[in-house]
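1. next come a sequence and a model predicted from it.
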Amino acid sequence: MARMERRVWDLLLILTAAPHSGDVVTSALRLSQAVLDRGGSVRVWACGYANMMTQDTFGDTKLPNTRDPEGHYPSPSAVVQRMIADGDGRFGWIACTACSEERGAVHHVPQVRHRSPLRLATTIAGARQTLYLGGA
Amino acid sequence: MEAQTAATGTTAGAGAASYFLVESKGNWAGPNAAAFLADAAALAEAGHRVRVFLVEDGVLSAVGTDVPEIRRLAEAGAEILVDDFSAAQRALSATTLSPHVRIAGMDLAAAALTEDGCRGVWH
């Protein structure tokens, strides 16, 4: 019987923290970028309020910074979109459908993949290394 | 910032595993940070290769010259790394860090976590 080859990612980050809860999103993005810079592949599974990051209602920039009105500050969804585009298939972002629906956060940018939590175990099996960031 | 190159990590024997353990919590967040570092020390004392990466508020565990958890880790042969970005964000450049730690970037964490057989845990 022929068996379908399944892609294996180098690193899966399960991001369970809310974006405003601390530095954890920064750490997740820094670690992801560092793996990408080494030629590796990374997937982020957004859990809970991490699903707010990729809403298409943010637009490309944050609200103006009155102390730096000419500055450009990309929105979290723009950062994720740029990393997906620059990653050339080596960076993926998954929105948990249950967490998104519970929070009314169902309008993700189109680059984000939607997955049921029932597929979490399969997603973990598709990665060489999995880290939970942000606590339970 | 005063820090020096730490030991190169536990020399793992046959059957030993390699661990890359990330501590992101500060000591005031509760007893869990110290417990996590104690678990790391126990793994190193059991002969496993252990690298501990302090990041976010976890870098504050490295402040001071005589932190018991850090000293125990060093004595067990674990390598203790402090995230450069997190340390800079907390203005630790003017602070004395434990002599058992060394500053490292996220690139080192990326390299370790993508090594074959490395067991990573983020706390």
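-> Good, I have the coordinates.

2. skipping its backbone neighbours, what lies nearest the residue of chain A found nearest chain B in space?
-> Closest approach between chain A and chain B, counting by C-beta to the nearest C-beta: residue A:34, at 3.6 Å. C-beta here means a position set from N, CA and C on the backbone, and glycine is covered the same way. Among residues not flanking residue A:34 along the chain, residue B:110 sits closest, at 3.6 Å (C-beta to C-beta, 6 or more residues apart in numbering or on different chains).

3. ok, now residue A:60?
-> residue A:78 (4.5 Å).

4. for the one you found, pull up the helix or strand it's in.
-> Using DSSP states H and E, residue A:78 falls within helix A:76-87.

5. establish whether the helix or strand just after that helix and chain B are in contact.
-> Following helix A:76-87 in sequence order, the next helix or strand is strand A:91-96 (DSSP H and E). No. Judged by C-beta under 8 Å from any C-beta of the partner chain, strand A:91-96 stays clear of chain B, getting no closer than 12.9 Å.

6. model confidence over the next helix or strand after strand A:91-96, on average?
-> The C-terminal neighbour of strand A:91-96 among helices and strands, as given by DSSP H and E, is helix A:97-102. Across helix A:97-102, the average pLDDT comes to 97.

7. contacts for whichever helix or strand comes after helix A:97-102?
-> Past helix A:97-102, further along toward the C-terminus, the next helix or strand under DSSP H and E is strand A:113-115. If you take C-beta atoms under 8 Å, 6 or more residues apart in numbering or on different chains as the criterion, strand A:113-115 is touched by A:45, A:92, A:93, A:94, A:95, A:96, A:97, A:100, A:108, A:123.

8. report the strands that pair with strand A:113-115, each with its relative direction.
-> Here strand A:113-115 is paired, per DSSP bridges, with strand A:91-96 (parallel).

9. please tell me how far the strand it pairs with is from the chain's geometric centre.
-> Offset of strand A:91-96 from its chain centre (C-alpha atoms, centre = their mean, to the nearest Å): 5 Å.

10. that strand versus helix A:76-87: what angle between them?
-> Angle, strand A:91-96 to helix A:76-87, by axes from the mean of the first three to the mean of the last three C-alpha atoms, to 10 degrees: 140 degrees.

11. contacts for strand A:91-96 next, please.
-> Contacting residues not belonging to strand A:91-96 are listed as A:9, A:32, A:36, A:41-48, A:51, A:54, A:80, A:83-84, A:108, A:111-117, A:120, A:123 [C-beta under 8 Å, 6+ apart].

12. are any of the residues you listed buried, and which?
-> Taking 16 or more other C-beta atoms under 10 Å in any protein chain shown as the criterion, what is buried in the contacts of strand A:91-96 is A:9, A:32, A:36, A:41-48, A:51, A:54, A:80, A:83-84, A:108, A:111-112, A:115, A:120, A:123.

13. for the residue nearest to the spatial centre of chain B, what are phi and psi?
-> Computing the C-alpha centroid of chain B and ranking residues by C-alpha atoms, centre = their mean puts residue B:52 first, at 2.6 Å. Backbone torsions for residue B:52, taken as degrees, to the nearest 10, come to phi -110, psi 130.

14. how far away from the center of its chain is the helix or strand containing residue B:21?
-> Using DSSP H and E, residue B:21 sits within strand B:18-23. Here the centre of strand B:18-23 is set off from its chain's centre by 7 Å, with C-alpha atoms, centre = their mean.

15. what does chain A put close to chain B?
-> A:10-11, A:22-24, A:27, A:30-31, A:33-35, A:37-38, A:40, A:128-129, A:131-133.

16. and the longest helix for the chain?
-> Picked chain A for this. Taking DSSP state H as the criterion, chain A has its longest helix at helix A:24-37.

17. wait, I meant chain B there
-> Ranked by residue count under DSSP H, the longest helix found in chain B is helix B:32-45.
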